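Enquirer: Model the structure of this input:
(one chain, ligands or ions: 1)
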Amino acid sequence: MSDAEATFSSWIGTTELLEDDLSPAQAYAAAATLDDATTMISGNATLPPLWHWFYFLPRAPQSKLSSDGHPERGGFLPPIPYPRRMFAGARLTFYRPLLLGRPAQRKGEIRNIVQKSGRSGNLAFVTVGYQFYQQGILCIEEEQDIVYREPGPPVPAPVPAELPPVPEGAWTRTVTPDPRLLFRFSALTFNAHRIHYDRPYAINEEGYPGLVVHGPLTAVLLLELVRHTTSQRITGFSFRGQAPLFDLAPFRLVATPEAERVILEAQGPDGKVALSAVAELS
Ligand SMILES: C/C(=C\C(=O)SCCNC(=O)CCNC(=O)[C@H](O)C(C)(C)COP(=O)(O)OP(=O)(O)OC[C@H]1O[C@@H](n2cnc3c(N)ncnc32)[C@H](O)[C@@H]1OP(=O)(O)O)C(=O)O
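Expert: Numbers count the residues shown, from 1 in each chain. Below you'll find the predicted structure:
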């Protein structure tokens, strides 16, 4: 066990309970942000997979935000001393869709804290489990990996290169991220992390070459490509962020269907995989 793991092990098992009434207003805002004119949003509609990320928003008062924009650590999340927070990945099982306009509960729990040494320096991964309930029934189970990096050299911008060939039968979409999209996604998720909308901060403080695309935004865009292309039910989804994407160039989404699943990639302008994912279908 590393020093950091020993120091913060008492956080494992910490829980948090949030309630949300799943207002249709937030789903309308999500549909607008995603340029989605077809998803039905009404009192009895169901929430598409991953759209629960637009609910159960953080409630830290302004005076309790850190300089990076996230709520101060040391409450539900442990006070890991590495300053650069990123969303590293998640694994989800969708048992039944949440219903809009009805109260729902989110139970959160700190499940694990692991220190690793990566090419970018020392890393601490915090795994957070979430369970979503409506009328006492478990609807979604989720595990998120949040990574904290120590400060390191500036992250270079990807060098544009030819993209790899698209596999036969794959669905693709090119996304041009811009500050308007990133700002609206930050607003939807009530995420004040400055790397997504404050360019001088992202470059001068955290060492990125531009605004950082939210991992959850890329994940939502990939799963929306699946949802709008197949009529099969999405029962599971997992993803891992391998390299950041920036608002400096378009990136490509590639979805390759297999028997009961879809293999997903977000490819950066350098042709490398920035985020890999799998959607399970039934
Ligand atoms: C919202 C939100 C924040 C965001 O949205 S931030 C933007 C989205 N996230 C990203 O762009 C993260 C992209 N990933 C990276 O930048 C790098 O993968 C990362 C996490 C910095 C690690 O890179 P390294 O080169 O330093 O690490 P290595 O590849 O050498 O691996 C070292 C060990 O760590 C494990 N590992 C690496 N990446 C992940 C991952 N995504 N999930 C889980 N584990 C990971 C890797 O397996 C190695 O482990 P070993 O046991 O083999 O040593 C918000 O803040 O809310």
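
Enquirer: quick one, what contacts the closest residue to L275 other than its chain neighbours?
Expert: Spatial nearest neighbour of L275, excluding adjacent residues (Cβ to Cβ, 6 or more residues apart in numbering): A266 at 4.2 Å. All C-beta spots, glycine's among them, are computed from the backbone N, C-alpha and C. A266 makes contacts with 218, 221-222, 245, 251-254, 273-275, 277, as judged by Cβ atoms under 8 Å, 6 or more residues apart in numbering.

Enquirer: Please, which helix or strand holds A266?
Expert: strand 261-267 (DSSP states H and E).

Enquirer: Direction included, what does that strand pair up with?
Expert: strand 251-257 (antiparallel), strand 273-281 (antiparallel) (DSSP bridges).

Enquirer: out of the ones you listed, nearest to A6?
Expert: Taking Cβ to Cβ, strand 273-281 is the member of the strands paired with strand 261-267 nearest to A6, at 31.8 Å.

Enquirer: Now find how far off-centre that closest one is within its chain.
Expert: Between the centre of strand 273-281 and the centre of its chain there are 12 Å (Cα atoms, centre = their mean, to the nearest Å).

Enquirer: And for stretch 37-46?
Expert: On the basis of Cα atoms, centre = their mean, stretch 37-46 sits 22 Å off its chain's mean C-alpha point.

Enquirer: Also stretch 18-30?
Expert: Distance, stretch centre to chain centre, for stretch 18-30: 17 Å (Cα atoms, centre = their mean).

Enquirer: Contacts for it, please.
Expert: 36, 39, 41-43, 45, 47, 51, 54-57, 59, 98-106, 108, 184, 187-188.

Enquirer: List only those of those flagged as buried.
Expert: Burial by neighbour count, 16 or more other Cβ atoms under 10 Å: within those this picks out 39, 41, 47, 51, 54-56, 98-100, 104-106, 108, 184, 188.

Enquirer: gap between the two ends of stretch 164-181?
Expert: Using Cα to Cα, to the nearest Å, the end-to-end distance of stretch 164-181 comes to 26 Å.

Enquirer: In that stretch, which residues are buried?
Expert: Buried-residue list, stretch 164-181, by 16+ other Cβ under 10 Å: 170-171, 173, 175, 177, 181.

Enquirer: Work out which residue lies at the spatial centre of the chain.
Expert: Geometric centre of the chain, nearest residue: P216, 2.2 Å, by Cα atoms, centre = their mean.

Enquirer: Tell me the pLDDT of that one.
Expert: We have a pLDDT of 98 for P216.

Enquirer: isn't there a helix covering it?
Expert: Yes. In this structure, P216 lies within a helix as judged by DSSP: H, G, I helix; E, B strand; the rest coil.
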